[in-house]
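S.K.: Need a 3D model of the sequence below.
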Amino acid sequence: MYPLTRLYARKISGQKLIYIFFACFFTASFFYAFLMGKPQIEEMLNINIGIVGRKNFPEFMMRFYVGTVGILFNVFLMTLFICEEDRNKMLYQPLLHGESRSRMIRSKIDAAVLMSVIFVFLTAFINYLTAFMRWGCEIFEQAAVIRTVMKYLLSGIYMSVITIGIVALCIYTRNTWKTIFSAIIYLLIDQLIDNANIVFLQKIWVGYYFNRWTFTYEYQNIPFSELLIGISIMVLYGIIFFQISLFRTKKVDF
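M.R.: Model prediction:
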């Protein structure tokens, strides 16, 4: 791993927000798993424990992290990391050991993407741990585990792309609140497009395929054609966000 990437990864992992968030997520996942079996909770949440529990619980809980909570968590974390460095005049300068601005921003993006992937798999670990505590070895049915792990891998790709987009927003706006507000607008637009009947717009939207994998194909295998198209669209967005970050970096005038 590039030395600057390791440095920035350590800086991100040093944020106390990470440990507070995942402690809260573990607590929520634990209590959710143990409360779901109660008839009152099933009725209140309009769920069927026979469908969303046991082997399906880790996949069911994935939507809560990746769909909304995880994105907002990444927004707060990245704005603390990027915008704080910008405020302290450390985002682009000093150019350590002859490093260029572009190389420093690349390392920051690499570190952010690495941490976002780690967070997704930490979420998977928490969900499987709490499911095991609730239902025991029933959750390790082979077909369900393979399907769920595949969807967490896809979640890692999606969250990586969104994280690159958040970094691009931070660099472009150079303002914490503008970045957070823009991310909330993205989540609203994502829901609007997902519920709309505009096929062309849906097909080119970054969040559309993940929403289909999460809801339309929940507890089912994803068709290979949709898998290939969805990953391609996400990678394309990732490249665009990455290039926006580099372009904006070159245009910054101190």
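
S.K.: Contacts for stretch 17-25, please.
M.R.: Stretch 17-25 has contacts (C-beta atoms under 8 Å, 6 or more residues apart in numbering) with 12, 65, 69, 73, 76-77, 80, 119, 122-123, 126. To be clear about C-beta, it is placed using only N, CA and C from the backbone, and glycine gets the same treatment.

S.K.: Now render those residues as CSV, adding pLDDT and neighbour count.
M.R.: Converted to CSV, these look like this (pLDDT from 0 to 100; neighbours: other C-beta atoms under 10 Å):
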residue, pLDDT, neighbour count
I12, 85, 20
Y65, 85, 23
V69, 88, 16
F73, 90, 20
F76, 86, 17
L77, 87, 21
L80, 78, 16
F119, 93, 23
L122, 94, 16
T123, 94, 27
I126, 95, 21
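
S.K.: Distance from the chain centre to stretch 50-65, please.
M.R.: 17 Å (C-alpha atoms, centre = their mean, to the nearest Å).

S.K.: got the contact list for that stretch?
M.R.: 25, 29, 32-33, 36-37, 120, 123-124, 127-128, 130-131, 134-135, 138-141, 144-145, 147-148, 151-152, 155, 214-215, 218-219.

S.K.: which one of the contacts of stretch 17-25 sits closest to I105?
M.R.: I12 (14.5 Å; C-beta to C-beta).

S.K.: any chance you could map the helices in this structure?
M.R.: Ranges of helices in the chain, per DSSP state H, are 3-13, 16-35, 39-45, 49-52, 57-64, 70-78, 84-87, 101-135, 142-173, 176-195, 199-203, 208-211, 224-251.

S.K.: Which of the ones you listed has the lowest mean pLDDT?
M.R.: Mean pLDDT is lowest for helix 84-87 among the helices of the chain, at a mean of 63.

S.K.: from the contacts of stretch 50-65, which would you call buried?
M.R.: Among these, those buried by neighbour count (16 or more other C-beta atoms under 10 Å) are 25, 29, 32-33, 36, 120, 123-124, 127-128, 130-131, 134-135, 139, 144, 147-148, 151-152, 155, 214, 218.

S.K.: Leaving out chain neighbours, which residue sits closest to Y152?
M.R.: Distances taken as C-beta to C-beta, 6 or more residues apart in numbering put A124 closest to Y152, at 4.6 Å, once the chain neighbours are dropped.

S.K.: Against Q243, how distant is K250?
M.R.: 11 Å (C-beta to C-beta, to the nearest Å).

S.K.: If you drop the residues flanking it in sequence, what lies closest to Y172?
M.R.: R248 (5.1 Å).

S.K.: ok, now Y2?
M.R.: Per C-beta to C-beta, 6+ apart, closest to Y2 is S107, 5.8 Å.

S.K.: my read: the one you found touches R10, true?
M.R.: No: using C-beta atoms under 8 Å, S107 is not in contact with R10; the gap is 11.8 Å.

S.K.: roughly how far apart are the residue lying closest to I244 once chain neighbours are set aside and R174?
M.R.: Nearest non-adjacent residue to I244, counting by C-beta to C-beta, 6+ apart: A168, 4.6 Å away. Using C-beta to C-beta, one obtains 12 Å as the distance from A168 to R174.

S.K.: And the two? Which one has more around it.
M.R.: A168 (24 against 16; other C-beta atoms under 10 Å).

S.K.: ok, now which ones touch the more buried one?
M.R.: Here A168 is in contact with 241-242, 244-245, 248 (criterion: C-beta under 8 Å, 6+ apart).
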